[in-house]
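*Asks:* I would like the atomic coordinates for the input below:
(one chain, ligands or ions: 1)
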Amino acid sequence: MEEVRSTTAWVATHSSHVTVDFTGIEKVAENMKNSLPKVEWDFEGIHYFDNGPLTVQYLLVLDTLNFCFWPDEEMSYDHLASGLKVTLESDKSAFDADRLQKYTGPQLRKMLNWSRPLPLEDERVRLLHEVGLELERSFEGKASKLVECCDNSAAKLVALMTRHFPGFRDHTVYKGHQIFLYKRAQIFAADLWGAFKGEGYGHFEDISSITIFADYIVPAVLQQLGVLRYRSSLDNTIKKNTEIVSGSEEEVELRACSVYAVEKMKELISKKTGKQVLSVELDLWLWAFGIQCPSLQHHRTLSVYY
Ligand SMILES: Nc1nc2c(c(CN[C@H]3C=C[C@H](O)[C@@H]3O)cn2[C@@H]2O[C@H](COP(=O)(O)O)[C@@H](O)[C@H]2O)c(=O)[nH]1
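*Replies:* As a prediction, the model looks like this:
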């Protein structure tokens, strides 16, 4: 995760389209210092949970598919989480590694109770197959084995995920430098931590090492809070819902500056309160705020990473 931290900081100090506003960070930190808002994991009540290895399998499948909902206005993360939950409740072997390798687009639609093609459906199917195959080859088909290999380290888990599953390698090149964001790999660690309440499969000694998960909701919230400022051309692009190309300077800056800004916010809140704040806690608060704000306009990039 050090790579995520240092490379996103590099983007923030070389950015052309997005600026991190330290006065904005100061204001948010000042507001938060007296009442650190805690958002419960699964505040929506949409996830599968049985306190065992099947929950780990569920979360891995969920985060394999946890990207790009916006092209269909009615599709959202909630549909995915609850659709997979219902599927697993009615068929406990639905996410066995051999079955993951065989799903088709129409079968995935059925799982999510969806009648039209899903956004990036072929990519979703390909990534499911990839995860099933590698789980079978290296982890006896079980996501729980993968987690057991990590010695209660979230950093090790992210490293293992990105080593074994190419679809989780969320990195890019910006102004000649390799930038790491690792959104879905980190969110998998955070989901385990949240679901198991920091115990069992969710026990990570270094949960403080993970950063926020750079998606399309958090940058929009940060802009609304005055923490990020956009150049007018980027602002117009977002307001007009014009697509931003994956890997473009604008896209990388939106994501990387979000990670960097929340790291700075976290340091400031910790300094003001004398208490350790986690990026994952700030992320959940920002994200929950964002999805409850339907007028929030976010950037649109077709991507399998977020
Ligand atoms: N930064 C950040 N991004 C997150 C999440 C989550 C869900 N986390 C669950 C874990 C525990 C909680 O109870 C949450 O339910 C999804 N996303 C991203 O949002 C986008 C979908 O948005 P919309 O189109 O409106 O459904 C998409 O990029 C998706 O990947 C998060 O926590 N943090």
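
*Asks:* Without its sequence neighbours, what residue ends up closest to E89?
*Replies:* Closest residue to E89 apart from its sequence neighbours, by CB to CB, 6 or more residues apart in numbering: Y48 at 6.9 Å. (Each C-beta comes from the backbone N, C-alpha and C, glycine too.)

*Asks:* What of S270?
*Replies:* That would be V277: by CB to CB, 6+ apart, it lies 5.2 Å from S270.

*Asks:* Next, the contact list for that neighbour, please.
*Replies:* By CB atoms under 8 Å, 6 or more residues apart in numbering, the residues touching V277 are 36, 266, 269-270.

*Asks:* And the pLDDT for it?
*Replies:* pLDDT, V277: 94.

*Asks:* Tell me which helix or strand it sits in.
*Replies:* Assigned by DSSP states H and E, V277 belongs to no helix or strand.

*Asks:* H79: what secondary structure?
*Replies:* Three-state call for H79 (DSSP: H, G, I helix; E, B strand; the rest coil): helix.

*Asks:* hang on, it packs against M111?
*Replies:* No - assessed by CB atoms under 8 Å, H79 is found out of contact with M111, at 10.3 Å.

*Asks:* between these two, who's got more neighbours?
*Replies:* Just comparing H79 and M111: by other CB atoms under 10 Å the higher neighbour count belongs to M111, 20 against 17.

*Asks:* Phi, psi for the more buried one please.
*Replies:* phi -60, psi -40 (degrees, to the nearest 10).

*Asks:* Quickly find the element holding the closest residue to it other than its chain neighbours.
*Replies:* Excluding the flanking residues, the one nearest M111 by CB to CB, 6+ apart is T87, at 4.5 Å. Secondary structure from DSSP H and E places T87 in helix 77-90.

*Asks:* tell me which residues of that helix are tucked away?
*Replies:* Applying a neighbour-count criterion of 16 or more other CB atoms under 10 Å, one finds 77, 79-85, 87-88 buried in helix 77-90.
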